[in-house]
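Undergrad: kindly return the folded structure for what I paste below:
(3 chains)
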Amino acid sequence: MHRPTTLFAVAMAFALVASACGSDTPTVADTLEGTTITLVTHDSFYLSDGTLQAFTDQTGVKVELLSSGDAGTMVSQSVISAGNPVGDVMFGIDNTFLQRGLDADLFEPYSSPALADVPDEFELDAQHRVTPIDFGDVCVNYWTDALTAAAPVSLDDLVKPDYADQLVVENPETSSPGFAFLLTTIARYPDTWPEWWQQLRDNGVKVATGWEDAYYTDFTAGGGDRPLVVSYASSPPAEVIYADPPVDTAPTGVVNDTCFRQIEFAGVLKGTEHPAAAQALIDFMLSPTFQNDIPLNMFVFPVSERATLPQVFIDNVTIADNPATLDPAIIEAHRDEWTAQWTDIVLG
Amino acid sequence: MTRAAKALVVVLPAAFIAIFFAWPVANVISTGLADRGWNALVDLFGSRRERGVIWFTIWQAAVSTLVTMVVALPAASLVAAMRERHRRLVRALVTVPFVLPTVVVGGAFAGLFQRFGLDSGRLRLDQTVWAILLAHLFFNYAVVVRTVGSYWAGLDSRLEEQARILGANRWRTFVEITLPRLRPAIAAAAAIVFLFSFTSFGVILILGGPRRATIETDIYRFAVTRGDLQTAASLAALQLVAVLALVGLSTALERRRPITTRHARRASNPIKRAWLWGNLAVTTLILGTPIAVLIERSLSVGDGYSLRNYGALAHRVRQLPAPAMVALQNSLVFAVVATAIAVLIGGLASLVVVHGRRAVGRVFDLGLTLPLGTSAVTIGFGILITLDNPPLDLRTSWWIIPIAHALVGVPFVVRTMVPVLRGIDESIREAAAVLGATPARVRREVDLPIGSRGLVVGAGFAFAVSIGEFGATSFLPRRPDTITAPVAMFRLLSTPGDRLRGQAMALAVVLMAVVAVAVAVIESVRGTSEGGM
Amino acid sequence: MLSIQGVTIGFDGQVAVDNVSFDVGDGDIVVLLGPSGCGKSTLLRAIAGLQPLDSGRILRGGVDICGRAPHERGIGMMFQDHALFPHRDVGRNVEFGLRMKGMGAEQRHDRVLAMLQLVGLAGFERRTVGNLSGGEAQRVALARALAPEPDLLLLDEPLGSLDRELRDRLVAELPDVLHRVGISAIHVTHDHDEAFAMADEIVVMGEGRVLQKGQPMDVWRRPASETVARFLGHRNIIEAGGHRAVVLPDAATVVDPGDGRSIDYVVIATRFRGGSREVEVERVDTGQRLVFLLAGAPPIGDRVALVIDPDGISPIE
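TA: Here you go, the predicted structure:
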């Protein structure tokens, strides 16, 4: 029973519950009506008012949110309460923590039909225990007017004297973008990354504890004296949107060669009493309603090809063609070793 | 009082601490150590890095305590000499730093360092241990001024006058007459400051720079970043043992040779002008400058200064599930509930500590202080894996947040109330007994009203602690509509943009104002518990 | 009304009160007199129920009250430092015992006013206790102790911290007030003047034991031992024929020299003491020194002939 893609898409857009379409269950809305499920997320989960209400209107399923700290905290919490989860669906586990979640057997496999619209490169788990929802790049940002030389274009540039004492990075031990940037260098220089960091250290890199300190204390944006910072590819549009006074173009730019791609996943938590509703929510997360709402709220990019980007993103962001990536299993296996090595080189 | 009510005095605080602290913490530690048991702890001591971390944790906490004591004691003396009306005002004002999230204060300090060129060069403060000490001083100043200042005010100043007449100069009088009598309050304040510094998280990470690590930050690092629960559990066990030892020592100091104090009339000593202004200058410098930076930032908008950031608090931005004002409102509700719990539990516990059987009192004294020295990660994770079955599936309950806040508030109530209760002249209780008051009635008619002096100070603390609590709150899964003001500030600061930052600063300033007013109100309540004629 | 029978109390192996017995009659003021540390305060606290007994009995109306808690004894007590409730005003201090009895608010109010009237502090009910003078605090403590109408009042050196004038006045007033109210009292003091001025019955204590008890005049004139004699302020302790005796200070009369019964003394010091003159004399032949209260004022260095009344000589052990 194969339907044309366009029809499927229309059905998606209206029903928004892919699994209901053409399957032999009556209608999902009937069986799910009145259930309440809990979505466990990190603290940076933001949506527009009404987005989740759209899901409830369509399926009859109410969604309650539970948020707890950053992605690392959320995953650790879920790992120690594995089997007796506080919610039904988790959103926000990214590729740097994915393996930990998989190892702890947190998720029920579920292959959403809506994955048809998601490029394969985002699917990191062949068993479909998690579903990609959005992605974002961690990249070196520059404050255009504060640079004394031309904007750097590569990792190699950063160790040149032109950029001496200009870069602030976050500690990979305490910061998720900091760790992502370390992964960039490891992906780019699998064997020689320690030397690169040694050179960067000699070139006067500053290490901040978290993104907040780096961006708001050391980087030009917060009145600091460093025009280069490890931040996100979506930071420039944020600088436009929240500028005071308003501006047309971002004061900052992104060094595309330095980007590491973080993909955020959602998964049905093992132990849920409402698997069908949980699966419906995963489907909804891949729907245009949800996907289109992602950029301006969470400042990351939707994975679905059917999503459209807001103008401010189109104007101020170029998504890196060739971002650095690493296998989650390798990341998890080497995390301690790499951060320890990094600490020795840069802070030792 | 019936036998049941009598039992309740003991059972209620005991159950509270057992259910919400002892059981979860024991559970999380034993779960973490399940595989290798205490060998994991042995490994910890085997690691050179961890030995360094343990040493630095204790060292920085001890020095922070010392610095805070030395700098804040003069201010406490000043507070003691003030009229009660003024004292209340100062006590409320110094509480303000308590409610500021470290990410905000860290930013303010870093901004100060930059402005005064202290972020590099020979006088560099940024990312040094000095920055840590300074920040701990900033946060804990209130503990000393409030605890010691209030206690001091209750001392009979005739003894000092006597010493002066006998030829002792001001300094000798202070050292030989005042200081020994202040010991219970000083021990209590020092214990709190030490524990706060011992478990300090944001200050160490943000101001200490990436090289500094303490047991607390390592627990987070192993539990959250690395997912190594075994090492995290050993560190948590170690932290517990260290805190136990310290609190034991401090309570012993506080108890040894209890010195009764007569709450006699104080001669209103004229305060020396130089002393007053000198103190005011120091306080302003320590507390005022970072706060001034925050206020300046909250008023600063792109093209100058305005109240626009304050207006923005009423409107929801995407980073928050509700307008910032709602977060403020949530914080206030949580704080009121947490304070009520802390006052009830802490008040009853103080009575047990002072009047209960000695062993029971000791256990209470120790057990109730421990949460102050326990990592938010340990408590948060403990609750998560322990209170996870009905009827106690409180993991996602609204109540768990004020309860977690009260855990930290109770020690403040106990620590400020116990010295006051111990200071009550026994003959006053005996007088009440002879006049026909049953032992329970004596507690109610004598201990509680007189102890309320400590109770309100502790309640003010509990309130401020709750308003400013960030660690445990962010380690518990929360519904978005229960977002607290510190969490809101943190979220506002996690997306680039001047308007968000401005709003976070405005929220911080409003929070400070709210807490100052609230603490002043709480502390004006005292005395109304008297029985009327 | 109260009978103390063989009471013994120890602290850390030390005996503080050692087998003490005495009785308090209805409406009597019994004064426990003794140096500090003699156990008199401990005994008082035991009567109030603040201190457990090691052995002995305390009977009230023939009933042993030792098992009763302080609040069940219905005894009033005034503490050494008054122990006023610092958090209550004067009126509420006085009212306290009435509230414990469950008396109604209106009655309490009247009674408080009456008690303050009694102790001469009418209009003080809203004063804070921190602002009272020593004498005022003492009266408030008295009013507070008397308000619940106990039939026995215990006074633990309540006058010790007062200045002399005030003390003398209160020493005179207190028995008056107590007799007016008609209650029995046990008063503890180390001051023999105070004791003689107030007591219907005196119990002299030393090192935890009762050294002597009896009517004030009897105790004064016939001290049972040298210790008691010295503690009561006797200074003329003489030795005669292997026996020791006390010579009372009013036993001597100045006579014309040459009176056959007289003995010659030389005046070596005189002290004025409220109306009469205390004269220290030295016996010309033996050098024995005695102190007498003598009429007239023989100057220092004069010879005087004294006759000593044999009744004024009391043998001691």
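Undergrad: ok, and the closest non-adjacent residue to residue C:294?
TA: In space, and not counting its chain neighbours, residue C:294 is closest to residue C:279: 4.7 Å by Cβ to Cβ, 6 or more residues apart in numbering or on different chains. C-betas here are computed from N, CA, C, even on glycine.
Undergrad: pull out the buried positions in the longest strand along chain A.
TA: Longest strand in chain A by number of residues (criterion: DSSP state E): strand A:252-269. Neighbour counts over strand A:252-269 (16 or more other Cβ atoms under 10 Å in any protein chain shown) mark A:252-269 as buried.
Undergrad: out of the residues you listed, which touch chain C?
TA: The subset of these within reach of chain C, by Cβ under 8 Å from any Cβ of the partner chain, is empty.
Undergrad: after the longest strand of chain A, which helix or strand is next? Please name it.
TA: Using DSSP states H and E, the helix or strand that follows strand A:252-269 towards the C-terminus is helix A:275-285.
Undergrad: which outside residues touch the next helix or strand along the chain from that next one?
TA: Moving toward the C-terminus from helix A:275-285, the next helix or strand (DSSP H and E) is helix A:288-298. Helix A:288-298 is contacted by residues A:12-13, A:16, A:44-48, A:51, A:54-55, A:133-134, A:234, A:237, A:241, A:284-285, A:300-304, A:306-310, A:312-313, B:318 when judged by Cβ atoms under 8 Å, 6 or more residues apart in numbering or on different chains.
Undergrad: buried residues in helix A:288-298?
TA: Neighbour-count burial for helix A:288-298 flags A:288, A:289, A:290, A:291, A:292, A:293, A:294, A:295, A:296, A:297, A:298 (criterion: 16+ other Cβ under 10 Å).
Undergrad: may I see the residues you listed organised as CSV, with distance to residue C:202 and pLDDT added?
TA: Formatted as CSV, the buried residues of helix A:288-298 follow (distance: Cβ to Cβ, whole Å; pLDDT from 0 to 100):
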residue, distance to residue C:202, pLDDT
A:288, 105, 94
A:289, 100, 94
A:290, 98, 95
A:291, 102, 96
A:292, 102, 94
A:293, 97, 93
A:294, 97, 93
A:295, 99, 91
A:296, 97, 88
A:297, 93, 88
A:298, 92, 87
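Undergrad: on that earlier part again, what is the orientation angle of the longest strand of chain A with helix A:288-298?
TA: 130 degrees (axes from the mean of the first three to the mean of the last three Cα atoms, to 10 degrees).
Undergrad: nearest to chain B: which residue in chain A?
TA: Here chain A gets closest to chain B at one residue, residue A:242, 2.3 Å apart by Cβ to the nearest Cβ.
Undergrad: return the residues of the stretch 1-150 of chain A in contact with chain B.
TA: Close to chain B, as judged by Cβ under 8 Å from any Cβ, the stretch 1-150 of chain A has residues A:38, A:40, A:43-44, A:46, A:48-49, A:64-69, A:72-73, A:75-77, A:79-81, A:84, A:86-87, A:100.
Undergrad: now which of the residues you listed would you call buried?
TA: For these, buried by 16+ other Cβ under 10 Å: A:38, A:40, A:43-44, A:46, A:64-69, A:72-73, A:75-77, A:79-81, A:86-87, A:100.
Undergrad: quick one on the thing from earlier: could I get the buried residues of helix A:288-298 as a markdown table with distance to residue A:176?
TA: Below are those laid out as a markdown table (distance: Cβ to Cβ, whole Å):
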| residue | distance to residue A:176 |
| --- | --- |
| A:288 | 28 |
| A:289 | 27 |
| A:290 | 23 |
| A:291 | 22 |
| A:292 | 25 |
| A:293 | 22 |
| A:294 | 18 |
| A:295 | 19 |
| A:296 | 21 |
| A:297 | 18 |
| A:298 | 14 |
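Undergrad: about what we covered before: in strands, which of the contacts of helix A:288-298 appear?
TA: Those of the contacts of helix A:288-298 mapping onto strands are A:133, A:134, A:301, A:302, per DSSP E.
Undergrad: verify the stated contact: the second one with residue A:266.
TA: No: taking contacts as Cβ atoms under 8 Å, residue A:134 lies outside contact range of residue A:266: 9.4 Å.
Undergrad: what pLDDT, on average, does stretch B:479-497 get?
TA: In this model, stretch B:479-497 has an average pLDDT of 82.
Undergrad: separation between residue A:84 and residue B:24?
TA: 14 Å (Cβ to Cβ, to the nearest Å).
Undergrad: I should have written residue B:16 there, sorry.
TA: Distance from residue B:16 to residue B:24, by Cβ to Cβ: 12 Å.
Undergrad: for residue C:278, helix, strand, or coil?
TA: Of the three states, residue C:278 takes strand under DSSP: H, G, I helix; E, B strand; the rest coil.
Undergrad: mind listing what the spatially closest residue to it that is not a sequence neighbour touches?
TA: Using Cβ to Cβ, 6+ apart and skipping residues adjacent in sequence, the residue nearest residue C:278 is residue C:271, 4.5 Å away. By Cβ under 8 Å, 6+ apart, the contact list for residue C:271 reads C:277, C:278, C:279, C:280.
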